[in-house]
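**Q** I'd like to go over a predicted model; first the sequence, then the structure.
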Amino acid sequence: MAGGNFMGRVMSYLVNELIVDGLANSRAFQRFAVRTSKKIEDVSNIALKKRQELEEKLRELSQK
């Protein structure tokens with residue numbers, strides 16, 4: 001049982017290394033990662049602006 005678990009871990013490690021190396025050296029994946037990161041950053045900035053606008057409106061309403 002322990003031998004099978006060890007072999008499974010070794011195989012998992014080797015497959016993981018191959019996949020990570022393949023993706024790290026892939027120009028297409030790098031472009032995808034950069035675009036995705038930029039989109040997430042843009043959405044986060046939009047959400048922050050909306051939150052600030054909502055907070056301001058709530059402050060205005062609470063002062064009336």
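**A** Received the coordinates, thanks.

**Q** In this protein, where is pLDDT below threshold?
**A** Along the chain, the model assigns pLDDT under 70 to residues 1-3.

**Q** now the helices for it?
**A** With helices called from DSSP state H, the chain shows them at 2-24, 27-63.

**Q** Distance from the longest one to the middle of the chain?
**A** Read that as helix 27-63. 14 Å (CA atoms, centre = their mean, to the nearest Å).

**Q** Tell me which other helices or strands that helix touches.
**A** Helices and strands touching helix 27-63, as assessed by 3 or more CB pairs under 8 Å, 6 or more residues apart in numbering; DSSP states H and E, are absent. C-beta here means a position set from N, CA and C on the backbone, and glycine is covered the same way.

**Q** got the angle between it and helix 2-24?
**A** With axes from the mean of the first three to the mean of the last three CA atoms, to 10 degrees applied, the angle from helix 27-63 to helix 2-24 works out at 80 degrees.

**Q** coming back round to it: export the helices of the chain as a markdown table, with columns for mean neighbour count.
**A** Formatted as a markdown table, those follow (neighbours: other CB atoms under 10 Å):
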| stretch | mean neighbour count |
| --- | --- |
| helix 2-24 | 10 |
| helix 27-63 | 10 |
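
**Q** Next, name the residue at the spatial heart of this protein.
**A** In the chain, the residue lying closest to the centroid (CA atoms, centre = their mean) is residue 37, at 7.1 Å.

**Q** Residue 51 versus that one, what's the distance?
**A** To residue 51, residue 37 is 21 Å away according to CB to CB, to the nearest Å.

**Q** do the same with residue 45
**A** Distance of residue 45 to residue 51, given as CB to CB: 11 Å.

**Q** Any idea how far stretch 51-64 is from the middle of the chain?
**A** Chain-centre distance of stretch 51-64: 31 Å, with CA atoms, centre = their mean.

**Q** which residues touch that stretch?
**A** Applying CB atoms under 8 Å, 6 or more residues apart in numbering, stretch 51-64 has no contact partners.

**Q** could I get it in CSV with only the CA atoms?
**A** Only the C-alpha atoms of stretch 51-64 are listed here, as CSV (Å, rounded to 0.1, in the frame of the first residue of the first chain):
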residue,chain,number,x,y,z
ARG,A,51,-18.2,50.7,-3.9
GLN,A,52,-16.9,54.2,-3.3
GLU,A,53,-19.8,55.7,-5.2
LEU,A,54,-22.3,53.7,-3.2
GLU,A,55,-20.7,54.7,0.1
GLU,A,56,-20.9,58.3,-0.9
LYS,A,57,-24.5,58.0,-1.9
LEU,A,58,-25.3,56.3,1.4
ARG,A,59,-23.5,59.1,3.3
GLU,A,60,-25.5,61.7,1.4
LEU,A,61,-28.8,59.8,2.2
SER,A,62,-28.0,59.5,5.9
GLN,A,63,-27.3,63.2,6.2
LYS,A,64,-30.8,64.1,4.9
